[in-house]
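K.L.:
Just to be clear, the model below is a prediction. Sequence and coordinates:
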Amino acid sequence: MKEMRVLFLIGLICMQFLAFGQTYKSHELKSGKLVIHLSEGDLNLAPLTNKSVRVQWEKAGKKEERDFVFINKLPTPKFKVTDQGNLLKLTTSDLMVSYNKMDNVLSYANADGKVFLTEIAGTKKLEANTVQNEDCFIAEQSFDSPNDEFLFGLGQFQDGHYNLRNISRKLIQVNSQIAIPFLYSSRGFGILWNQYGITHFNPADNAVNLVKKEMAAGENNMVEVTTTSGTQKVSQRQSLYTGSFSIPADGVYDFMLDYQNMESKHLLVIDDVAYIDQTNQWLPPAASTLINLKAGNHTVQIVGKATNVPTLAWRKTNDVTTFRSPHAKSMDYVIFSGQEADEIIADYRKLTGEVPMLPEWAFGFWQCRERYTSGDHLVSTVEEFRKRKLPVDVIVQDWQYWGKYGWGVPKFDETSYPEPEKFIKKIHDLNAHFSISVWENLDKKSEVAKPYMDKNLYIQDSPWIDIYNPETQKTHWTALNDNLFTLGVDSWWMDATEPENDALAGKPTFFGPGDFYRLTYPLFVSKAVYDGQRETDPSKRVAILTRSAFPGQQRYGTINWSGDIGWNWDTYKRQIVAGLNYNLTGMPYWTTDIGGFSDLVTINTTTLPITIYLLAGFSGEPSTRFSECMVIRQKLSLGNMEVLSSIICAK
């Protein structure tokens, strides 16, 4: 009997090793890190500071050679490694990392030995994959997440979730969504999932089979979707998908709705109840929600653009947090420990770059609309502010100032903007500053684009310049400097820097397949402008307003805004948690759009944006006010200033 028990235990251990896919072989200290040799590759544990450690699992000779985020190479902190039989322990003055040789699990504890994070056994995965004809891995890791934990960060999303525990998210860069794979936990740690491509957070893998409801041809043909809150009609420009699914037990379930492309309507109806219901001219491809359901069968209705093919998947909520990146070269994440968020973010910035001080005027009031149509229009607006004794520090020129020169060309069309240096000087003489919209998809046929074309600086089969190429960065700044900065431009509004929308997928870049670097374009746009301006005029501080971001971007003088959002109170409410989670990724400056892309002109579409106009402001340090609105701005011009005057002056 005893022998049988021993054989049974040995069998369990062998099955365990097979399930985990890799086993401990040996370890060594090498170049300031602990290298654990596994049956499949090497697991590297490298202390970066006394409170942070980088974990990298590399196999098959593949790894990402480029480090975009960690630019500051600090001296390796003192650490010791002890071998305690089945446990290896790496210890600094403030952090202890334990590696279990039996199950390949890492756990993290503070100086007092209190464990604050543990990997889930059997979830460390590097599975073979390919993208754009190159070999890669699906990198995945799950961590424990007790039910009293609160998780924040991941950037700016429009799903309305603040606590991200058990929430599914698709991390891609699109208009109104900023993907930053940094998570802060109420348990006293932060984690940077250091991947440059698409990442699925808490992926839902139980797919619901959806069937498209075909609609007969006919201009007025409509289909009705019935919910407990009323009936919605679906037009020919939209499609209705239906389906059903069954769940095994009562409980809270996480649902991920993914339209694959930008949307104008998010509608998820389960058992005649609308759980996701958003409408805007632009919505991100994916949204998720938590739903309390009974065991058994449930029906689904989904509405979206006729050109999109939605998917729906679900997962039972649990005490686990998971990251999955399908286009990874290795596994790479960093743990930061600390008693509070400030301590963790401070450590993170020591490694990724400190935040430069913005110019003093950038903390004042910014005025923008869609759009000022001439130099005279800009000057007269500032003059009106001064006449009415309303505070304004910056006025922003939105798109289309390029006119005859072609889309996105950073050059004033003299027809409406003659002698631009003179009207900019008038703005300066009125004690205001001037910011201007810049895009990275300038018309290839334009004269300004000729140097880009001559040096092959566009992404192949794309309107976007290949900002990863150092030569592109220099050429781009030269264009901005020659045509704008030398005229007196003070600040940059870098629009559509995702690039719009998720445009790197499937494209080749200077660094290689775009899918490997899908989240990082905004980092390099900011770098090009920041470095270019500082080299040209070191005496002038940089202020960049931009629509997207990636870890490390805080070092380039950037402010982010929420993109082209809608205009109702539900949308505005979502911006509060979007901004808070964005700031908890280590980015100090953020502001909300006040909406306005709507064909409907009602009391709500005018009054609500005006109200937000008054309340909007940077959420970072220190606080200030900022106004940024879209198409409705044409209806919110100086005619509304009487209302604004009384409210602002009263404040």
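P.N.:
Nice, thanks for sending it over.

K.L.:
Am I right that Ala479 sits in a helix?
P.N.:
Yes - membership of Ala479 in a helix is supported by DSSP: H, G, I helix; E, B strand; the rest coil.

K.L.:
residues near it, how many?
P.N.:
22 (other Cβ atoms under 10 Å). For glycine as for every other residue, the C-beta is placed from the backbone atoms N, C-alpha and C.

K.L.:
hang on, isn't it packed against Lys450?
P.N.:
No - using Cβ atoms under 8 Å, Ala479 makes no contact with Lys450, being 10.1 Å away.

K.L.:
CA atoms only for the helix or strand containing Trp57 - export them in PDB, please.
P.N.:
Using DSSP states H and E, Trp57 falls within strand 52-58. Extracted C-alpha coordinates of strand 52-58, given in PDB (Å, rounded to 0.1, in the frame of the first residue of the first chain):
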ATOM      1  CA  SER A  52      11.000  46.600  -8.200                       C
ATOM      2  CA  VAL A  53      12.000  43.500 -10.200                       C
ATOM      3  CA  ARG A  54      11.800  42.600 -13.900                       C
ATOM      4  CA  VAL A  55      10.700  39.100 -14.900                       C
ATOM      5  CA  GLN A  56      11.600  37.800 -18.300                       C
ATOM      6  CA  TRP A  57      11.000  34.400 -19.700                       C
ATOM      7  CA  GLU A  58      12.800  33.800 -23.000                       C
END
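
K.L.:
Sheet partners, orientation included, of that strand?
P.N.:
strand 42-49 (antiparallel), strand 331-337 (antiparallel) (DSSP bridges).

K.L.:
okay, the ones you listed, which one's buried deepest?
P.N.:
The highest average neighbour count among the strands paired with strand 52-58, using mean count of other Cβ atoms under 10 Å, belongs to strand 331-337 at a mean of 24.

K.L.:
contacting residues around that strand?
P.N.:
Outside strand 331-337, the residues that touch it by Cβ atoms under 8 Å, 6 or more residues apart in numbering are 48, 51-58, 64, 70, 94-95, 97, 108, 110, 116-117, 124, 126, 137, 139, 141, 188-195, 323, 344, 347-348.

K.L.:
on that earlier part again, state the mean pLDDT of the strand holding Trp57.
P.N.:
Strand 52-58 comes out with an average pLDDT of 98.

K.L.:
Count the neighbours of Tyr348 for me.
P.N.:
Counted with other Cβ under 10 Å, Tyr348 comes out at 28.

K.L.:
C-alpha coordinates for the one helix or strand it maps to, PDB please?
P.N.:
Assigned by DSSP H and E, Tyr348 belongs to helix 341-352. Extracted C-alpha coordinates of helix 341-352, given in PDB (Å, rounded to 0.1, in the frame of the first residue of the first chain):
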ATOM      1  CA  ALA A 341       0.400  54.800  -5.300                       C
ATOM      2  CA  ASP A 342       2.700  57.800  -5.200                       C
ATOM      3  CA  GLU A 343       5.600  55.600  -4.000                       C
ATOM      4  CA  ILE A 344       5.000  53.100  -6.800                       C
ATOM      5  CA  ILE A 345       4.700  55.700  -9.500                       C
ATOM      6  CA  ALA A 346       7.800  57.500  -8.300                       C
ATOM      7  CA  ASP A 347       9.800  54.300  -8.600                       C
ATOM      8  CA  TYR A 348       8.300  53.600 -12.000                       C
ATOM      9  CA  ARG A 349       9.300  57.100 -13.200                       C
ATOM     10  CA  LYS A 350      12.900  56.700 -12.000                       C
ATOM     11  CA  LEU A 351      13.200  53.900 -14.500                       C
ATOM     12  CA  THR A 352      11.000  55.200 -17.400                       C
END
